[in-house]
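> Just a sequence and a predicted model for now, questions to come.
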Amino acid sequence: MKITEIIIESKHGSPPVTADKSNTGEWIFRDDGTDRFYNLDRIMRAAAISDGKSTKAVDMPSSSWVEKNNVARPYTEEEHNMMKAAFKTIGDSSYEESGKNHRSREQDDTHTISPFRVRTKK
């Protein structure tokens, strides 16, 4: 047996002939080449919102608030320092730190006490 008989994905070309009968069709798409994963995420989110009956655009922004940026959310001062060290190590990333307050805290409307009554032993 030859290795080319085992590895059928080795060449760029057509789908396997054996897939023709079960294939219901596919969409092949890409953005301008900037970020395939981001493009895939936005397309699939819009598809999930669609009702499947109409081909009209759905009510969602075409881009997220972070758009084509990665986001890291360190909680502690040490984790922020870890990110700074990582950026210095890699060197070719542009980055921006959005806040200087490195304290993690709940929103004001989050429960500050347990909603469950504490049982005491009798």
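That came through fine.

> who's in contact with the residue positioned nearest the centre of the chain?
With distances taken as C-alpha atoms, centre = their mean, Asp41 lies nearest the centre of the chain, 6.4 Å away. The contact partners of Asp41, taken as C-beta atoms under 8 Å, 6 or more residues apart in numbering, number zero. For the C-beta atoms, the positions are set from N, CA and C on the backbone; glycine is no exception.

> From Ala48, how far out is it?
Going from Asp41 to Ala48 by C-beta to C-beta, to the nearest Å gives 11 Å.

> next one: Arg36
Applying C-beta to C-beta to Arg36 and Ala48 gives a distance of 18 Å.

> Could you do Gln107 as well?
With C-beta to C-beta as the criterion, Gln107 and Ala48 are 27 Å apart.

> the more surrounded of those two?
Between Gln107 and Ala48, counting by other C-beta atoms under 10 Å, Ala48 is the more crowded of the two (9 against 5).

> In three-state terms, label that one for me.
At Ala48 the chain is in helix, as set by DSSP: H, G, I helix; E, B strand; the rest coil.

> Okay, it and Ile28: tell me how far apart.
19 Å.
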